[in-house]
Every structure is written in structure tokens, then in C-alpha cells.
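> A structural model of the following input is requested.
(one chain, ligands or ions: 1)
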Amino acid sequence: MEAHKDMRQTSTRLITDKIYKDFFDGQESEYWDVLKMSDPDIQLNIEILDFIDSQSYGVAYEYASEFLDQVDWYEIVQNIQDHYFDSHCGNCGNELYDLTSSDYCSNKCEEDDLILMTRSRV
Ligand SMILES: [Zn+2]
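Below is the predicted model of the structure:
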């Protein structure tokens, strides 16, 4: 749990640094008015979101892409793969329409696969 929290803090720091560098660095004076508002942090968040929303596809794409880079895509591949194997015959690969009865599309496929498994064990 602690390690996870540390990771999250690291990630927040990195993203915060990037946002500062991309939007505020060298332009601080443009945001001086925000300092006089009651919730300057919320105000800055809203301004940057509005900016990203109003900007070209490129900026939004870049930010979305950075978030998606943190996704464990391998886990998603595995989930899709599990789903595939659950719904296809263990021998011939035909799609199964009745998922409750068997991992094979026919008795013959089940027998063939068992024979193969028995052979490969020898
Ligand atoms: Zn089959």
C-alpha cells in the first residue's frame, strides 16, 4: 500500500512538473490575477482544462497519450486472450456457441485433443 502511494505521489509530481513546464514556465505573470481568487488551484485546473479543450486535437492527443502510456496493456491483451480461449474450441479453434457445456466444439475434437495430450506426455 505504501509503495503504491509513493508511486502515485511520484506520478503526480512528474505530471505536475510537466504541466508547469508546458503551460506556466515563463508566463507566470499572465496568471498573477488568479492568485487573488479564492481557489487559485481550482481556477488553474479549470483554465488549463478549458485551454486543452479549446486547442487542437494535437494537445489533447498528447495528454491522452501520456495517460494511456501508464496503462498495463499486457494485462488487457491477456484478458482478451482469456476471453478468446474461453469461447473457442481447445482443439480446432472453432468458436463455441454454448460456453456452459464443454471447452470443445464436438466430442471428436475433445477426443483428438486428449489423444494429442497423451502423446505429448510420452
Ligand atoms: Zn473443435
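> so which residue is dead centre in the protein?
Ranked by distance to the mean C-alpha position of the chain (Cα atoms, centre = their mean), the top residue is Val71 at 3.3 Å.
> list, one by one, the residues from this protein near the ion.
Neighbours of the ion within the chain, by Cβ under 5 Å from the ion: Cys89, Asn91, Cys92, Asn94, Cys105, Cys109. Heads up, the C-betas are built off the backbone N, CA and C, glycines and all.
> would CSV of these with secondary structure and neighbour count be doable?
Shown next, in CSV, are the residues of the chain next to the ion (DSSP: H, G, I helix; E, B strand; the rest coil; neighbours: other Cβ atoms under 10 Å):
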residue, secondary structure, neighbour count
Cys89, coil, 18
Asn91, coil, 19
Cys92, coil, 13
Asn94, coil, 12
Cys105, coil, 19
Cys109, helix, 18
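> need the residues you listed in TSV (columns: pLDDT).
Shown next, in TSV, are those (pLDDT from 0 to 100):
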residue	pLDDT
Cys89	92
Asn91	91
Cys92	92
Asn94	92
Cys105	91
Cys109	93
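> where does pLDDT dip in the protein?
Low-confidence segments of the chain (pLDDT under 70): 1-9, 56-57, 120-122.
> would you map the helices across it?
2-19, 40-54, 57-68, 73-86, 107-121 (DSSP state H).
> by contact count, what packs against the shortest one?
I take that to be helix 57-68. With contacts taken as 3 or more Cβ pairs under 8 Å, 6 or more residues apart in numbering; DSSP states H and E, helix 57-68 sits against helix 40-54.
> how close does the residue nearest to the centre of the chain sit to the ion?
Val71 sits at a distance of 34 Å from the ion (criterion: Cβ to the ion, to the nearest Å).
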